[in-house]
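# Dropping the sequence and predicted coords here.
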Amino acid sequence: VLFYPDVNTNFKPTEWEIEGVPIIRIQNLNNPTAVYNYYSKFLEEKYSVKHGDLLYAWSASLDSYIWRGGDACLNQHIFNVKPFAGISKNFIFYLLKYVSADILSQTHGSGMVHITKGKFEKIKIFLPALAEQHYLADKLDSLLARIQTVSEQLAAVPALLKQFRQSVLADAVSGKLTAGWREENPLTPQLTIEEYHIGVSGFKLKAKGLTQPITHNSWLKCQLGHVITVHSGTSLTAKEMIEGEVPVFGGNGITGYHNTSNTTEPTLVIGRVGFYCGSVHLTSERAWITDNALIVNFSEKLLRKDFAFYLLKATNLRLDTSSTAQPVISGTKIYPIHICLPPIAEQTEIVRRVEALFALADQIEQQSRAAAERVALLTQSVLAKAFRGELSAQWRCEHPDLISGDNSAAALLARIQAEREATGKKSRRA
């Protein structure tokens, strides 16, 4: 007999209030930002929770928690665990985490997981002496805090890599990424006004009212409308879509698959309408582009397709979209956006460097994901070592007096049994 869980009640929505003590629900334990409901009427002591109480969620997400808030009350599916004298609360906190993970590992595919009070009390464990409980709890505090730190650092990697990729694109289209390359290749042809006009000859531009492009160093300062045109794709409703292998591109990339295509080569598309309007994608060879996306055309004498892809991704195409109405972009809105355009030779070098840096970022992301998976398993591995006695084996050898005689686990169990009998409590074995 180690501890007993207190009862809890089910507060109905009609009993929820906006003032009083917070009602602790499982979502409040799992998510610190979850909104609390409150209760202000008389509350029996057995339903109350105090700062530092040990709580155990026994339904849906099995786990243990130390309550760090003020006075509160329990909702259903949560035990308020009260260790007997001689049992460390922090030891039980970690023990419950260990047995919960073991229970969850055996319940895949069985729906919502929960454990009844009877099964909860019958869980068998190895109980160490009180001094060893304290040692293990302190050791686990230290080890799991380090694991948590590593886990948080790994969790931050995707966001950092996203910033890195955005920085690479910004440097790519501003000239910073290839500044050294230009110094090493001073004879590379510049993109002059004359070269620009040659490049767009035979390509019909749609934009009107643009300023004249100018040469800046070896690049051309111009506007999107000087180098691209856009038009909408072809409508394809969900009812019209026939199941196939051809990806359908809409406002935010692939939205489904069709049995035929309206393009037969990799095509640049821009989301035209909706929350993700302005997103840029490069289709596969065969694709269907709907009227929720814009098809991008350009002169290949001025632009490489892969560079155009990175240029558009690095450009804020939503500069002229309303913040209140349904976001929509069009050629009229994006043609005036200012850009800088390098000569074809430098575009080739930019693409090479961007792809190399992106490949490195992808490799780091893959490695961090694998590391995060290993770290996630490490917590349970450490807990398993703790509750098999392996984590404290050396400590026991060094402190035999703290685990023998009156300090032994056997003596502790005898005292708990005597306490239970003296108070008339029903036996609860764990």
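Now that the structure is in, tell me what you want to look at.

# Could I get the average pLDDT for stretch 369-381?
For stretch 369-381, the mean pLDDT works out to 93.

# sorry, that was for stretch 230-247
94.

# my read: residue 128 touches residue 390, true?
No - with contact defined as Cβ atoms under 8 Å, residue 128 does not count as touching residue 390 (11.9 Å). (C-beta placed from N, C-alpha, C; glycine too.)

# For these two, indicate the residue with more neighbours.
Neighbour count, other Cβ atoms under 10 Å: between residue 128 and residue 390, residue 128 has more, with 23 against 11.

# do you know how far the residue lying closest to the more buried one once chain neighbours are set aside is from residue 83?
Take residue 128 and drop its neighbours on the chain: the residue closest to it by Cβ to Cβ, 6 or more residues apart in numbering is residue 409, 5.7 Å away. Remark: distance between residue 409 and residue 83 (Cβ to Cβ, to the nearest Å) = 14 Å.

# cool, and residue 98?
According to Cβ to Cβ, residue 98 stands 16 Å off from residue 83.

# One more: residue 398?
Residue 398 is 26 Å from residue 83, by Cβ to Cβ.

# out of the two, which sits in the busier spot?
Per other Cβ under 10 Å, whichever of residue 398 and residue 83 has more neighbours is residue 83, with 18 against 9.

# Residue 210 touches residue 224, doesn't it?
No - here residue 210 does not reach residue 224: they are 9.1 Å apart, not a contact under Cβ under 8 Å.

# Now do the shared contacts for the two.
Common neighbours of residue 210 and residue 224, counting by Cβ atoms under 8 Å, 6 or more residues apart in numbering, are 335-336.

# If you count surrounding residues, which of the two has more?
Neighbour count, other Cβ under 10 Å: between residue 210 and residue 224, residue 224 has more, with 24 against 15.

# for the stretch 301-430 of the chain, what spans make up the helices?
Ranges of helices within the stretch 301-430 of the chain are 305-313, 331-334, 344-387, 393-398, 409-423, based on DSSP state H, counting those that start in this stretch.

# residues in contact with residue 132?
Contacts for residue 132 (Cβ under 8 Å, 6+ apart) come out as 392, 395-396, 402-403.

# wait, residue 71
The contact partners of residue 71, taken as Cβ under 8 Å, 6+ apart, are 21, 48-51.

# For these, which entry has the maximal number of neighbours?
Neighbour tally across those (other Cβ under 10 Å): the maximum, 23 neighbours, falls on residue 49.

# Next, that residue: phi, psi?
phi -130, psi 140 (degrees, to the nearest 10).

# Skipping adjacent residues, who's closest to it in space?
Residue 49 sits nearest to residue 72 (Cβ to Cβ, 6+ apart), 4.4 Å away.

# same deal with residue 158?
Of all residues beyond its chain neighbours, the one nearest residue 158 is residue 365 (6.4 Å), with distances taken as Cβ to Cβ, 6+ apart.

# What is the neighbour count of the one you found?
Residue 365: 17 surrounding residues under other Cβ under 10 Å.

# Quick check, it in contact with residue 161.
Yes - Residue 365 lies in contact with residue 161 (Cβ under 8 Å); the separation is 5.4 Å.

# what about stretch 18-34, average pLDDT?
pLDDT averaged over stretch 18-34 gives 89.

# And it, what's buried?
Across stretch 18-34, burial judged by 16 or more other Cβ atoms under 10 Å covers 20-26, 28-29.

# Among these, which are located in helices?
Within the buried residues of stretch 18-34, residues falling in helices by DSSP state H are 26, 28-29.
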